[in-house]
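> Sequence first, then the predicted structure:
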Amino acid sequence: MILASSVGTLIEWYDFYIFGSLATVIANQFFPKTDPTAALLATLATFAAGFIVRPFGALVFGRLGDLIGRKYTFLLTLIIMGGSTFAIGLIPSYESIGVFAPIIILLLRLLQGLALGGEYGGAATYVAEHAPPGRRGYYTSWIQTTATLGLFLSLGIILITRHSLDPDRATSIAEFNDWGWRIPFLVSIILVGVSIYIRLKMKESPLFSKLKTEGKTSVNPLKESFTHKGNLKMVLLALFGAIMGQGVVWYTGQFYAQSFIENVCKIDFEQSRTMLIWAILFATPFFIVFGKWSDKVGRKWIMLAGMLLAIVTYRPLFNQLLSISDTTSKRELITRKEINTKLIPIHNTSNSLRSVTSTRHFEGGLKLVEVKTDTLYAEPGKISLHSHITTSKLLDDEGYRWMIIILFVMTLYVTMVYGPMAAFLVELFPTKIRYTSMSLPYHIGNGIFGGLTPFIATLLTTIYTGDKLVGLYYPIVIAAVCLVIGTLYISNKIDKTVTD
Amino acid sequence: MNAVKKYSGILWIILGPLAVYYLIKTAAEQIAKHPVIDTKIQWIVFVVIFIPIAIGFMIFGWYAMKGEYDKLPESSAELED
């Protein structure tokens, strides 16, 4: 039962993440900067799907789940998510159908956000309502692993596809950027098909079935969840005393850290991804460890300890990431500097694309690779006015291992705040409005507070340019407020039965 | 402990509008500095989604100040008032 529920949720997260992981490739195919409408749609696709639509999905499917049942609702979210993902892999590019391409992408991305908003609450509720008393933390912690494993799966499939399209690495990457990016989207249909088959075989939650038989299900879950003071105050407590802090710790550890490593530390694309893959692999079992432990010691202090550790150590940890990748403090081995120039003829012209790659070596093994690309004109005297320069660093073995350890520590915080979360939320609300009541704060906390973390943190670094770590103030302040509220107001009591 | 919960409720009530003020001020400055559509959409989205959250935060503070969290409910019946 746990496996059956978790696989579907994992696939939904996979579907949601591949779009984010391939955002740059998709932008080139569907959202050319030269078309202002397409660029506008790109911004909308990023913001609307991730942040606005998810809470709406929580309301729509949460209500449905409390009215007709958990099983059919989270089956529906899976079908919508899988269908949208598969369809994204089939859309003709902007070059073929013009502005319709970004419009269709935006609509499908909105559907993805809507489905994701409904999935988690259903899966967590379903598993929790099957769990025996005293083991709810352990049972639901499997659902908690799915988001991280979904990210793991998406990174893995993207990396494998990127390298398997041609024996020559550069050609393979070029083909992936051209058409191969569609494969991870299309593969989704097989995974979703299997999940749908499994979910169809599942039975309805026993607690919900009992309520339905007794005719005690809610008539209007939205009204009962958010207009009755007794329940509304628990929704607000869940959001401000637990989920908002958990959301920022999650998104800082798994997404802002990745963006920081790539954009600030300038670590090579593949190194940054493989490091995250290793960190996730080592840390994921701790979701289960902390979930299970929360059955013994309560949910509250494990989650709040994770937030406290994040608040105290984020700056030193990120500072260490900077230090590992810093070339200014390392001695350059000048004699080993390599410069390679490649000329690629541009079709239908006499001009060529000139690519100059310079590789600088530093003591310890760190490499700094700079690629400068410009146009070499056949016409005498005409020179290229614009050149494109990309910089990336290749870490030595020691630096690579240290970064994995730091990412592991940050993911460990995620497992502390997130592992017991589903059990905590399920125990806060009554069965008849549980799906609705827990889904909305979950998706505001994770979709808005958490999902905006990489954007707000990056934005802060563009406003206050003097400090590369200034972006961390956003998650630190939010987690600190949440920690105080959680400490003061949340109870550590475990609800043994969760029946009404 | 209940007194601390109630008094900190005042802090949460004040923090809500303060956060919105800071957000709108920063949004106005950034839009004036970079008046392109991307910046506008980005900041409008931030303001629009954070205002209801700030209102929710004030309601939370109000409940805390009124002592609604002095004793947390232990059964579903207590949630239905």
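Ah, there it is.
> Span of stretch A:379-389 from start to end?
23 Å (Cα to Cα, to the nearest Å).
> And chain A, is the longest helix anywhere in chain B touching that?
Across chain B, the longest stretch assigned as helix under DSSP state H is helix B:2-33. Yes: counting by Cβ under 8 Å from any Cβ of the partner chain, contacts between helix B:2-33 and chain A involve B:4-5, B:8, B:12, B:15, B:26, B:30. Glycine gets a C-beta too; all of them are placed from N, C-alpha and C.
> and the helix or strand bottoming out on mean pLDDT in chain B, which residues are buried?
Lowest by mean pLDDT, DSSP states H and E among the helices and strands of chain B is helix B:37-65, with a mean of 91. By neighbour count on 16 or more other Cβ atoms under 10 Å in any protein chain shown, the buried set for helix B:37-65 is B:39, B:41-43, B:45-46, B:49-51, B:53-54, B:56-65.
> Now narrow those to whatever sits close to chain A.
Okay, of those touching chain A (Cβ under 8 Å from any Cβ), that's B:41-42, B:45-46, B:49-50, B:53, B:56-57, B:59-60, B:63-64.
> residues near the residue of the stretch 351-500 of chain A found nearest chain B, how many?
Nearest residue of the stretch 351-500 of chain A to chain B: A:Pro430, at 3.6 Å (Cβ to the nearest Cβ). Other residues within reach of A:Pro430, judged by other Cβ atoms under 10 Å in any protein chain shown, total 25.
> Which pLDDT value does the model give it?
pLDDT for A:Pro430: 90.
> if I look at it, how far off is A:Pro221?
To A:Pro221, A:Pro430 is 11 Å away according to Cβ to Cβ, to the nearest Å.
> what's the answer for A:Phe269, then?
A:Phe269 is 45 Å from A:Pro221, by Cβ to Cβ.
> between those two, who's got more neighbours?
Remark: of A:Phe269 and A:Pro221, A:Pro221 carries more neighbours, 22 against 13, as counted by other Cβ under 10 Å.
> Please name the residues that touch that one.
A:Pro221 makes contacts with A:62-63, A:66-67, A:432-433, A:435-437, as judged by Cβ atoms under 8 Å, 6 or more residues apart in numbering or on different chains.
> how does it look with 7 Å?
When contacts are counted by Cβ atoms under 7 Å, 6 or more residues apart in numbering or on different chains, A:Pro221 is found next to A:62-63, A:66-67, A:433, A:436.
> And A:Ser84, by the same measure?
So A:Ser84 contacts A:108, A:111-112 (Cβ under 7 Å, 6+ apart).
> who wins for most neighbours among those residues?
Of the contacts of A:Ser84, with other Cβ under 10 Å as the count, A:Gln112 tops at 28 neighbours.
> what's the spacing between the residue minimising distance to the centre of chain B and A:Trp250?
Centroid-nearest residue in chain B, with Cα atoms, centre = their mean: B:Ala54, separated by 2.2 Å. Noted for B:Ala54: a distance of 22 Å to A:Trp250, by Cβ to Cβ.
> Give me the phi and psi for the closest residue to A:Arg182 other than its chain neighbours.
Leaving aside its chain neighbours, A:Arg182 sits nearest to A:Gly89 (4.3 Å; criterion: Cβ to Cβ, 6 or more residues apart in numbering or on different chains). A:Gly89 adopts backbone torsions of phi -70, psi -10, taken as degrees, to the nearest 10.
> same question, A:Thr357
Here A:Thr357 shows phi and psi, under degrees, to the nearest 10, equal to phi -110, psi 120.
> what's the answer for A:Leu385, then?
The phi/psi pair for A:Leu385 (degrees, to the nearest 10) is phi -90, psi -30.
> Can you get me a residue count around it?
Neighbours around A:Leu385, by other Cβ under 10 Å: 7.
> cool, A:Thr391 as well?
So A:Thr391, with other Cβ under 10 Å, has 11 neighbours.
> Regarding chain A, what is its longest helix?
Per DSSP H, chain A has its longest helix at helix A:100-130.
> So what's the gap between that helix and the chain middle?
13 Å (Cα atoms, centre = their mean, to the nearest Å).
> in it, what counts as buried?
Buried-residue list, helix A:100-130, by 16+ other Cβ under 10 Å: A:101-106, A:108-130.
> And for the residue nearest to A:Arg331 when sequence neighbours are not counted, the neighbour number?
Nearest non-adjacent residue to A:Arg331, counting by Cβ to Cβ, 6+ apart: A:Glu363, 4.4 Å away. Using other Cβ under 10 Å, A:Glu363 has 10 neighbouring residues.
> can you check the one 10 residues further on too?
The number of residues packed near A:Thr373 is 17, by other Cβ under 10 Å.
> and what of A:His388?
A:His388 - counted by other Cβ under 10 Å - has 11 other residues nearby.
> I'd assumed A:Glu370 was in contact with it.
No: if you go by Cβ atoms under 7 Å, A:His388 and A:Glu370 don't touch, sitting 11.3 Å apart.
> sorry, back to before: Provide a list of residues in contact with the residue nearest to A:Arg182.
By Cβ under 7 Å, 6+ apart, the neighbours of A:Gly89 are A:182, A:185-186.
> which one of these sits closest to A:Gly445?
A:Phe185 (28.0 Å; Cβ to Cβ).
> Provide the secondary structure category for the closest one.
helix (DSSP: H, G, I helix; E, B strand; the rest coil).
> gap between the nearest residue to it once chain neighbours are set aside and A:Gly113?
Computed as Cβ to Cβ, 6+ apart, the closest residue to A:Phe185 that is not its neighbour in sequence is A:Gly89, at 3.0 Å. Distance, A:Gly89 to A:Gly113, by Cβ to Cβ: 18 Å.
> Repeat that for A:Leu376.
45 Å.
> Same question for A:Leu151.
16 Å.
> now do A:Thr171
Distance from A:Thr171 to A:Gly113, by Cβ to Cβ: 35 Å.
> swap in A:Gly180?
For A:Gly180 relative to A:Gly113 (Cβ to Cβ), the value is 25 Å.
> likewise A:Ile2?
A:Ile2 is 26 Å from A:Gly113, by Cβ to Cβ.
> Also A:Lys493?
Taken as Cβ to Cβ, the span from A:Lys493 to A:Gly113 is 34 Å.
> same question, A:Pro345
43 Å.
> quick one: is stretch A:129-144 near chain B?
No: between stretch A:129-144 and chain B, judged by Cβ under 7 Å from any Cβ of the partner chain, nothing touches; the nearest distance is 14.0 Å.
> So which of the contacts of A:Pro221 belong to helices?
Per DSSP H, these map to helices at A:62-63, A:66-67, A:436.
> can you put these in CSV and add pLDDT?
Formatted as CSV, the ones in helices among the contacts of A:Pro221 follow (pLDDT from 0 to 100):
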residue, pLDDT
A:Gly62, 93
A:Arg63, 94
A:Asp66, 94
A:Leu67, 94
A:Thr436, 94
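> Can you read off the pLDDT for the residue nearest to A:Phe185?
Looking at A:Gly89, the pLDDT reads 94.
> Would you agree A:Leu75 is in contact with A:Lys201?
No: the criterion here is Cβ under 7 Å, and A:Leu75 misses it with A:Lys201 at 10.8 Å.
> which one of the two has more residues nearby?
Taking neighbours as other Cβ under 10 Å, A:Leu75 and A:Lys201 compare with A:Leu75 leading, 18 against 7.
> Please name the nearest non-neighbouring residue to that one.
A:Arg199 (5.0 Å).
> which is the next helix or strand following the helix or strand hosting that neighbour?
For A:Arg199, the host element (DSSP states H and E) is helix A:182-200. Downstream of helix A:182-200, the first helix or strand assigned by DSSP H and E is helix A:206-213.
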